[in-house]
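1. output the structure for:
(one chain, ligands or ions: 3)
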Amino acid sequence: PKFVYDFTEGNKDLKDLLGGKGANLAEMTNLGLPVPPGFTITTEACKTYLDSGEEPAALRDEVSAHLDALEAKMGKKLGQADDPLLVSVRSGAKFSMPGMMDTVLNIGLSDKSVQGLAQQAGDDRFAWDSYRRLIQMFGKTVLGVDGDLFEEALEAAKTAKKVAVDTELEAADLKKLVTKFKKIVKTEAGRDFPQDPREQMDLAIKAVFESWNGERAKLYRRQERIPHDLGTAVNVCSMVFGNLGPDSGTGVAFTRDPASGHQGVYGDYLQNAQGEDVVAGIRNTVALAELEQIDKKSYDQLMQIMETLENHYLDLCDIEFTIERGQLWMLQTRVGKRTAGAAFRIATQLVDQGLIDEAEALQRVNGAQLAQLMFPRFDEEAKVEKVGRGIAASPGAAVGKAVFDSYTAVKWSRSGEKVILVRRETNPDDLDGMIAAEGILTSRGGKTSHAAVVARGMGKTCVCGAEELEVDTKRRRMTVPGGHVVEEGDVISIDGSSGKVYLGEVPVVPSPVVEYFEGRMHAGAEDADELVEAVHRIMAFADRKRRLRVRANADNAEDALRARRFGAQGIGLCRTEHMFLGDRRELVERLILADTEAEREESLKELLPLQKQDFVELFEAMDGLPVTVRLLDPPLHEFLPDITELSVRVALAESRQEPHENELRLLQAVHRLHEQNPMLGLRGVRLGLVIPGLFTMQVRAIAEAAAERKAHKGDPRAEIMIPLVGTVQELEIVREEADQVIAEVEAATGARLKLSIGTMIELPRAALTAGQIAEAAEFFSFGTNDLTQTVWGFSRDDVEASFFTAYLEKGIFGVSPFETIDKDGVGSLVAAAAQAGRATRPDLKLGVCGEHGGDPESVHFFHEVGLDYVSCSPFRIPVARLEAGRAAS
Ligand code: ADP
Ligand code: MG
Ligand code: MG
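-> Ligands and ions are numbered 1, 2, ... in the order given. This is a model prediction of the structure:
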């Protein structure tokens with residue numbers, strides 16, 4: 001393969017091969033922008049080097065050839081004594097990655113060529129400044145010398161000279177500093193600073209390769225789920241100098257504001273400076289707008305180039321540039337990072353400018369960003385004291401008293417206190433405390449740590465790996481930078497969207513985006529902010545594009561109404577268990593304990609009107625939209641008292657010789673119904689088949705409610721769903737009874753009800769025999785939560801806290817299969833069942849009602865396999881709508 005590409009040979013689509021920096025340097029070169037010439041060594045070369053442990057001969061030859069060409073173009077040789085060509089060696093992977101080797105500038109300078117550079121530039125100071133920078137950067141990043149030693153020597157030089165900033169050091173001072181720096185290298189690295197320019201370059205290239213496997217880089221990749229086998233490219237770029245005096249300088253810029261998306265002049269500039277000086281904060285930078293006064297010609301040219309870049313990349317770009325004696329050079333560009341809010345604004349702005357169309361606008365935003373915009377947030381106006389920052393592991397804004405162990409978290413929260421659980425790291429023993437807490441803060445661990453995984457699963461705010469915080473769980477306190485001590489009970493606030501940690505209570509305000517979805521803020525209204533306007537428009541794009549319909553999981557009228565406001569096109573899952581709880585428990589107990597037919601019928605008869613009323617309200621809230629009602633699913637013991645509690649009651653009554661006949665009967669029933677593994681026991685359709693009259697009562701309540709709504713000129717569209725079916729026979733029996741009840745209600749009321757009957761597909765056997773099941777089902781709803789459990793053979797409640805972290809860390813899961821559908825396993829079963837079902841019944845309606853219905857990646861999958869709708873919790877509906885639109889465009 002070809003290992004080296006000249007900047008003129010690449011383009012922006014070659015990021016895999018040339019890394020982001022290299023691909024974009026090539027793109028700019030080919031756009032005719034002023035980029036200092038150079039070449040890029042490919043990620044393939046890096047991989048080959050890392051695999052074999054040595055530079056392949058072909059690579060060395062190709063680098064030589066490209067260096068020759070570069071020297072010819074520039075008219076001077078690398079490190080040439082009287083007029084040296086200098087280069088930078090810059091790392092650049094496909095994704096920008098902290099922890100990779102830093103760039104080394106001014107390669108090619110030596111004791112000899114520094115003289116030549118001074119003479120050519122007519123500036124001694126500049127030459128020695130460049131040389132000391134080389135030794136400093138090279139010493140630190142290539143030879144592994146502690147960077148502080150150089151910084152301290154530099155500080156000492158400034159102190160000796162009684163000056164404040166480095167530009168006030170003169171040539172002679174810098175020359176002395178070079179001697180000092182070389183000594184540091186010799187002592188610390190055990191070798192002389194290399195004087196041979198090619199050796200400098202080769203060592204730097206190798207160091208970049210090796211930094212791919214540095215500990216920090218590996219950690220970052222694990223956290224961000226970047227594959228470990230991509231490798232990094234290396235860019236060799238001829239130097240331009242911003243440190244040649246006041247008519248030179250270096251800066252960074254954005255083509256628009258990455259926080260708001262507004263177009264304008266955003267950036268920083270620093271005169272007489274090189275490389276990282278701008279961001280390192282060694283001297284005060286000026287706002288980019290001031291460059292217009294300093295160097296109008298370069299400023300105008302820069303504005304022109306920024307426009308060219310925007311029109312070319314059709315997006316916000318960030319750039320690095322340098323001015324050398326009035327001549328502008330472009331050193332880097334990329335499509336810039338932005339906040340979630342800016343992403344929405346920029347996408348609509350670009351549509352308005354005619355640069356992109358609606359379909360493309362949908363690709364510029366995503367559901368995760370929308371979800372982020374929907375979390376309540378800390379009031380930005382509030383006066384707060386930030387004391388630390390960790391990894392934003394699970395979004396949200398949480399306020400509470402700091403507690404340092406799970407026990408206290410539970411105890412305090414029971415007495416009504418809001419608490420934040422602070423730990424060094426969490427483990428399965430902390431689960432109770434995590435559930436009790438408003439949020440979780442840890443000082444160790446990354447995005448896949450136990451705390452992060454479990455918190456995300458629970459939808460709980462979490463900041464992890466806040467390393468500046470010293471957590472002392474024994475003494476129940478933590479020390480924040482600056483020495484302040486947070487004791488148990490002190491209030492802290494954590495922001496899971498930014499990772500920031502604050503002392504005291506930061507006020508929380510609802511998100512304007514949720515206010516908009518709730519209908520409390522209107523797009524187009526005068527006070528609506530730009531963000532709401534942008535979200536409104538993007539949602540409209542998505543709704544126009546999407547094929548998947550979006551329904552809600554909602555059990556009562558209140559949730560249903562909210563879901564409707566959020567854009568739900570129906571209810572995909574109405575659970576009915578709550579209709580058996582509360583003050584109806586007693587009726588249910590009687591039903592379960594019934595010895596005779598008559599007793600059982602008596603309690604069912606009492607339950608009927610209550611449940612009918614629930615359905616009337618629900619159908620009214622969702623008038624005109626489909627409502628899928630799932631018949632009773634959970635095991636019966638969930639409706640009976642706790643076994644231990646009841647045993648105690650019986651024992652007490654016995655010892656006091658009080659009458660306890662009822663308790664005893666109940667206890668016997670509890671024992672009878674007790675199951676080793678309730679998830680796989682007597683539940684779902686099995687209940688309907690062994691408890692006569694239970695399902696028919698529910699069906700009757702649904703049918704009568706529908707008839708009543710019709711009588712009131714309503715438009716009820718109920719769908720009856722049978723859970724946990726494994727074979728078509730189960731469904732056929734239940735169906736026959738249901739059809740009969742519906743016919744009876746129709747006859748009695750004179751209404752035509754058009755109730756459809758379908759099933760959940762949540763057992764592997766159901767999926768495998770979907771073709772048969774479709775004979776008796778008008779719709780399938782994939783229950784992907786249970787299907788994931790049964791296909792993998794693990795129960796969610798038992799595994800998430802115990803071994804998922806280990807699985808994530810070992811890379812067995814990229815992400816929990818409960819969060820994103822496991823496409824290869826569970827997903828392929830869904831796809832096959834959908835196909836088999838439709839083969840039997842072409843108009844079979846297909847939906848999904850697991851947690852996955854609101855997960856962006858899963859929504860794309862369900863679109864691809866041709867489902868008709870996804871159903872998710874009301875709050876996730878906007879995300880599902882957006883992602884369904886993105887999937888279709
Ligand atoms: P990073 O990936 O950290 O941005 P860069 O490779 O972009 O690292 O380089 C670090 C700094 O050095 C940047 O400010 C960049 O503009 C500057 N720089 C890199 N190469 C050159 C060069 N050939 N001439 C002048 N400045 C350079
Ligand atoms: Mg850097
Ligand atoms: Mg850079």
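2. surely L682 is in contact with V690?
-> Yes - L682 lies in contact with V690 (CB atoms under 8 Å); the separation is 7.0 Å. Where you see a C-beta, it was placed from the backbone N, CA and C, and this is true even at glycine.
3. neighbour count: those two, which is higher?
-> L682 (16 against 10; other CB atoms under 10 Å).
4. and the most centrally placed residue in the chain, what element?
-> The centre of the chain sits closest to A368, judged by CA atoms, centre = their mean, with a distance of 5.9 Å. A368 is part of helix 367-374 when elements are defined by DSSP states H and E.
5. coming back round to it: list the contacts of the residue nearest to the residue nearest to the centre of the chain when sequence neighbours are not counted.
-> Using CB to CB, 6 or more residues apart in numbering and skipping the chain neighbours, the partner closest in space to A368 is P856 (6.3 Å). Residues in contact with P856 (CB atoms under 8 Å, 6 or more residues apart in numbering) are 366-368, 879, 883.
6. can you give me the buried ones in stretch 204-211?
-> Across stretch 204-211, burial judged by 16 or more other CB atoms under 10 Å covers 204-211.
7. could you do stretch 316-336 as well?
-> Buried-residue list, stretch 316-336, by 16+ other CB under 10 Å: 316-324, 328-336.
8. that one near ligand 1 anywhere?
-> Yes - applying CB under 6 Å from any ligand atom, one finds stretch 316-336 touching ligand 1 at 320, 322, 331-332.
9. would you reformat those as TSV and include pLDDT and secondary structure?
-> As requested, the residues of stretch 316-336 next to ligand 1 are exported to TSV (pLDDT from 0 to 100; DSSP: H, G, I helix; E, B strand; the rest coil):
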residue	pLDDT	secondary structure
E320	95	strand
T322	97	strand
L331	97	strand
Q332	96	strand
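10. and the two most separated of the residues you listed?
-> Largest separation among those by CB to CB: T322 and Q332, giving 10.2 Å.
11. returning to what we had before: out of the contacts of P856, which is most surrounded?
-> Neighbour-wise, the contacts of P856 (other CB under 10 Å) top out at E883, 30 neighbours.
12. surely G624 forms part of a helix?
-> No - counting by DSSP: H, G, I helix; E, B strand; the rest coil, one finds G624 to be coil, located in no helix.
13. just give the closest residue to it, not the sequence neighbours.
-> D715 (4.5 Å).
14. what about that neighbour, how many neighbours?
-> 12.
15. for ligand 1, what are the nearby residues on this structure?
-> Near ligand 1, when you scan the chain using CB under 6 Å from any ligand atom, you find 36, 88, 90, 103, 105, 237-240, 275-276, 320, 322, 331-332.
16. same thing but at 8 Å, please
-> Counting by CB under 8 Å from any ligand atom, the positions of the chain adjacent to ligand 1 are 21, 36, 38, 86-88, 90-92, 96, 100, 102-103, 105, 235, 237-242, 250, 252, 274-279, 320-322, 329, 331-332.
17. selection in ChimeraX covering whichever of those are buried, please.
-> Buried residues within these, by 16+ other CB under 10 Å, are selected in ChimeraX with:
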select :21,36,38,86,87,88,90,91,92,100,102,103,105,235,237,238,239,240,241,242,250,252,274,275,276,277,278,320,321,322,329,331,332
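18. my read: V351 touches D357, true?
-> Yes - under the criterion of CB under 8 Å, V351 makes contact with D357 at 7.0 Å.
19. neighbour count for the two, which is higher?
-> Using other CB under 10 Å as the criterion, V351 and D357 rank with V351 on top: 19 against 12.
20. nearest residue to the more buried one other than its sequence neighbours?
-> V351 sits nearest to A361 (CB to CB, 6+ apart), 5.1 Å away.
21. distance of the one you found from A832?
-> 35 Å (CB to CB, to the nearest Å).
22. name the residue in these two with the higher neighbour count.
-> A361 (23 against 15).
23. what sits against the residue in the stretch 301-450 of the chain that ligand 3 sits nearest to?
-> Nearest to ligand 3, among the residues of the stretch 301-450 of the chain, is Q332, at 4.4 Å (CB to the ion). Applying CB under 8 Å, 6+ apart, we find Q332 in contact with 21, 24-25, 319-320.
24. which residues does it form a beta bridge with?
-> E320 (DSSP bridges).
25. cool, T461 as well?
-> G439.
26. that one contacts L441, doesn't it?
-> No - assessed by CB under 8 Å, T461 is found out of contact with L441, at 9.1 Å.
27. the residue nearest to R575 when sequence neighbours are not counted: how many residues sit nearby?
-> Excluding its sequence neighbours, the residue lying closest to R575 (CB to CB, 6+ apart) is D555, at 5.0 Å. Neighbour count for D555, taken as other CB under 10 Å: 19.
28. wait, a helix at K180?
-> Yes - counting by three-state DSSP, K180 falls inside a helix.
29. what pLDDT does it get?
-> K180 is assigned a pLDDT of 97 by the prediction.
30. need the contact list for it.
-> Contacts of K180 by CB under 8 Å, 6+ apart are 153, 157.
31. please apply the same query to the one 10 residues further on.
-> Under the criterion of CB under 8 Å, 6+ apart, G190 has no contact partners.
32. phi, psi for the most far-flung residue of the chain relative to its centre please.
-> What lies farthest from the middle of the chain is Q657; by CA atoms, centre = their mean that is 60.8 Å. For Q657, the backbone dihedrals (degrees, to the nearest 10) come out as phi 50, psi 40.
33. equivalent analysis for R90, please.
-> According to degrees, to the nearest 10, R90 has phi -120, psi 130.
34. show me which residues of this protein sit near ligand 3.
-> Neighbours of ligand 3 within the chain, by CB under 5 Å from the ion: 320, 332.
35. what do you get if the cut-off is 8 Å, keeping everything else the same?
-> 21, 90, 103, 320, 331-332 (CB under 8 Å from the ion).
36. closest one of the residues you listed to I720?
-> K21 (58.9 Å).
37. surely the closest one touches N235?
-> Yes - in this structure, K21 is within contact of N235 by CB under 8 Å, at 5.8 Å.
38. give me the common contacts of the two.
-> 90-92.
39. hey, where'd the strands end up in the stretch 601-750 of the chain?
-> 626-630, 717-722 (DSSP state E, counting those that start in this stretch).
40. okay, those strands in CSV with distance to Q698, mean pLDDT and mean neighbour count next?
-> Compiled in CSV, the strands of the stretch 601-750 of the chain are given as follows (distance: least, CB to CB, whole Å; pLDDT from 0 to 100; neighbours: other CB atoms under 10 Å):
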stretch, distance to Q698, mean pLDDT, mean neighbour count
strand 626-630, 8, 98, 25
strand 717-722, 8, 98, 24
